[in-house]
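compute the structure for the input listed below.
(one chain, ligands or ions: 2)
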Amino acid sequence: MKNFKKTIADNLFLFKLCFKASPGYMILHIVETIRNEIVVFLEFTFGLNFVLECAEFGKPFKTAAVFLCCLLAFVVLGLWFNAFVFQKLQQKSQPKIKQEIKEMFFRKAKEIDLECYDDSEFYNNYVLSVSEVENQIGRIFTVLTNLFTGVTSIILSGAFFIGSDPVSFIFIAVSFVASLWSGKALNKLNFKIRNDKNPYERKLGYVNRVFYLNDYAKEVRLNTEISNELLKDFDETNDKVLDIDKKNAGKRFGLQLMKDYICNSFLIDVVYIIYLVYSAAVLHHISYSNVAVMRGTANRMKNRMRQFADVYPKMQEIGLYVQKMKDFLAIEPKITSTDNRPLPEKTTLIELRNVSFGYNEMDGYILNNISIKIEPYSKIAIVGYNGAGKTTLIKLIMRLYDPDEGEILLDGVNIKEYDIEEYRRKIGTVFQDFKIFAATVKENVLLDFAENGKDSDVISAMEKSGFDERLAALSDGLETNLTTEFEDNGVNLSGGEGQKLAVARVFYKDANLIILDEPSSALDPIAEYHLNRSMLTAANNKSVVFISHRLSTTRIADRIYMLEKGKIIEEGNHAELLELGGKYSQMWRLQAGQYCI
Ligand SMILES: Nc1ncnc2c1ncn2[C@@H]1O[C@H](COP(=O)(O)OP(=O)(O)O)[C@@H](O)[C@H]1O
Ligand SMILES: [Mg+2]
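Ligands and ions are numbered 1, 2, ... in the order given. Take a look at the predicted model:
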C-alpha cells in the first residue's frame, strides 16, 4: 500500500511538472482520449448491436437510419477535434514540456556543489535523470492515454456486458487480473536489467566518444596500444551487457508469454468464443447479434485491458526514475553564503589560515595546514610539481569546495559570510582546463550574449591578454565563430591562442583578484614569460596569483610559495629562496638553464 501511494505520488509529481509547462494541452489530451473511446463504443458496440438487432428482430429501417445519421455527425465533429489536439497542439506542447523540465535539471546541475561530481553515485543519478527525462515524459502520456481509454472502456463495455451477459464480464476480469500480475513482474525485471547494465553502458559510451570525438583523434591515431586496449575493453563490456540479457532471457520470455498470450489471446479468443456460441445456440441466453457484438467488444476490451494492465507497472517504472529525479532535485548546495555580506569595493587582503582539505576520507588531506597571505595588489606565485595540490588550493579560494579545517578570510572576514555569487565575480580565474565554447569570439570573452557587452571593453581586455594580434587576423573580428562544431567556417584556436582568449575573460570581468592556474602551459617558456609579464603590467592595480610548475615568471613575483604534497615547504621572494638553497633553488637550476630569460 505504501508502495502504491508512493508510485501515485511520484507520477503525480511528473504530471504536475508537465501540467505546469502546458496546462491547456494536458487537459485537452485527457478530454480527447475519453471522447475517442466513447465514439468507439457508440460505433462498434452500442451502435452495431442496435442496428443488428433492428435487422434480427425486424424493426423499421427508419429507426436504424436516424440513429446512424446522428452517429455520423458525432464522428465527423470528433475527427476535427482529434486533428486539432493531436496534430496541431501536440506538435507544439510536448517539445515545450520536455524543454522546460530539462532546463530545470540544467539549472539545478549548475547550482549544486562541485563535490557532487566526485561522487559516482550522484553522477549516475544525474546522467540517468537527464537522459531519461524525454523517455519518462513520453511514458507519462502513454500512461494517461491508456489509463483514460481503459477506464472509459471498462465503464461503458462493462455496463454493456453486465446488462447483456454477466458471465462474459468474469472472463474479461480474470484475463485482466492475470495480465496485471505478469505485467508487473515483467516491468520489475526490465528495470533491474537496465540498472545492471547502466555502469557498462556508461563505459561503452565513453569508448564511443573516444573514437568519434575530435578531441581524442590525435591520441587514438598515435597510440595504437591505447586504442587496442579500449577496443578490448569495448568487446569485454559488450559481452557483459550481452551476458546480462542472456541471464534474464528465459525469465523475460516466460513472463512475456504469460502476459501477452495465456492471459489474453488464449483465454478470450479460444475459451470465451466457445462459451458464447454455446450460450446462443444451445442455451439461447443471448441473441446472435449479441454474439457478434460481444465477440468484437471482448476483443477490443481485451486490448484495452492489456493497455490498462500496463498502466500501473509503467507508473511504477516511471516512479523509480522520478525517485532518482527527485533525489537529484533535492540536493541542496552546502556551499552557500551564511550572511550575504556585500564585498568591499577595493582590492583587499585575502588570507588562508591553517587550511586543510581532502576530497574524501579515503585519500586523507590533499592540503595540509596551508597559510598564505595575498596582500592587495601583490603578485603571488605558487609553484610545485604536478599533483602537489595547486589547483585544489584555487578551488578552495573560489569556494568550489570549503576547507575541512582552518579558514579563508577576505578583509578579515570568513569568505563564507559573503554573497557567494558576488564573491566569485570579484575573482577572475583561468583554470588549466579552461573551455572554449562554440560561440563567437566576443561571446567567449563575455561568457554572455553578445548584446550584453561593449566591443571596446572586450577589445581592451584582449589587448591586455595579448589576443589582439590574433584578433586582427580573424576575418569576422569579434563576430568570428569559434570551433567547427556548428559552423563549417568556424575557427579552431591553437592551445596558446585559446589560453590568451581565456585570460581576456578575467580582464573583461574587471576582477580584484586574478588567478591563473597554469593557463600558459601550452605556450613555450619564453612566450609564457612574455605573456605573464605583460599581464602583470596590465594587472598592476589588481592582486594576481599565478600558478606554475615552471619557474619562468617567479622571478617577478612579490612572494613565492613552494608546495609539495599539500604542504608549503618554502616561501619568500626569488632571491631569498635561491639563497635558501632548498627545493626551489634546485628546481630553478634544473629549469632556468633551458630558457635563458
Ligand atoms: N575531484 C577530485 N577528487 C579526488 N581527488 C582529487 C580530485 N581532484 C584532484 N584530486 C587529487 O588531489 C591531488 C592534488 O591535485 P591538484 O590540486 O590538481 O594538483 P596540481 O594542480 O598541483 O597538479 C592529486 O593527488 C589529485 O589526484
Ligand atoms: Mg593543477
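
close to ligand 2: what parts of the chain are there?
390-391 (C-beta under 5 Å from the ion). For glycine as for every other residue, the C-beta is placed from the backbone atoms N, C-alpha and C.

can you list the domain ranges for the chain.
The chain is divided into the following domains under automatic domain parsing: 94-330, 350-434+514-595, 437-492.

between the ones you listed, which one is nearest to Val506?
domain 350-434+514-595 (2.8 Å; C-beta to C-beta).

tell me the mean pLDDT for the closest one?
For domain 350-434+514-595, the mean pLDDT works out to 86.

SS state for the residue of the stretch 201-350 of the chain at minimum distance from ligand 1?
Minimum separation of the stretch 201-350 of the chain from ligand 1 (C-beta to the nearest ligand atom) falls at Ile335, amounting to 14.5 Å. With DSSP: H, G, I helix; E, B strand; the rest coil as the basis, Ile335 sits in coil.

now Phe546
Applying three-state DSSP: Phe546 is strand.

which helix or strand contains the closest residue to it other than its chain neighbours?
Distance criterion C-beta to C-beta, 6 or more residues apart in numbering; nearest residue to Phe546, sequence neighbours excluded, is Leu516 at 4.5 Å. Per DSSP states H and E: Leu516 is located in strand 513-517.

quick check: next helix or strand after that strand?
Past strand 513-517, the next helix or strand by DSSP H and E is helix 525-538.

related to what we said a few turns ago, distance of the residue nearest to Phe546 from Gln591?
18 Å (C-beta to C-beta, to the nearest Å).

same check, this time on Asp419
Asp419 sits 41 Å away from Gln591, taking C-beta to C-beta as the criterion.

returning to that earlier point: most packed of the domains of the chain?
Among the domains of the chain, domain 350-434+514-595 has the highest mean neighbour count (mean count of other C-beta atoms under 10 Å), at a mean of 18.

what helix or strand is the residue of the stretch 151-300 of the chain found nearest ligand 2 on?
Nearest residue of the stretch 151-300 of the chain to ligand 2: Asp215, at 19.0 Å (C-beta to the ion). For Asp215, the host element (DSSP H and E) is helix 214-222.

figure out how far that helix is from the centre of its chain.
Its chain's C-alpha centre and that of helix 214-222 lie 27 Å apart, by C-alpha atoms, centre = their mean, to the nearest Å.

was I right about Tyr272 contacting Met301?
No. Counting by C-beta atoms under 8 Å, Tyr272 stays clear of Met301, with 10.7 Å between them.

so what does the helix or strand following the helix holding Asp215 touch, helix or strand wise?
For helix 214-222, the succeeding helix or strand toward the C-terminus, using DSSP H and E, is helix 224-257. Here helix 224-257 touches helix 166-212, helix 214-222, going by 3 or more C-beta pairs under 8 Å, 6 or more residues apart in numbering; DSSP states H and E.

quick one: name whatever helix or strand follows helix 224-257.
helix 273-278.

for the record, mean pLDDT for the next helix or strand after that following helix?
For helix 273-278, the following helix or strand on the C-terminal side (DSSP H and E) is helix 288-330. Here helix 288-330 scores 87 as its mean pLDDT.

which element follows helix 288-330 toward the C-terminus?
Assigned by DSSP H and E, the successor of helix 288-330 is strand 350-357.

and for that following strand, what's in contact with it?
Residues outside strand 350-357 that contact it (C-beta atoms under 8 Å, 6 or more residues apart in numbering): 365-374, 392-393, 396-397, 401, 403-410, 513, 543.
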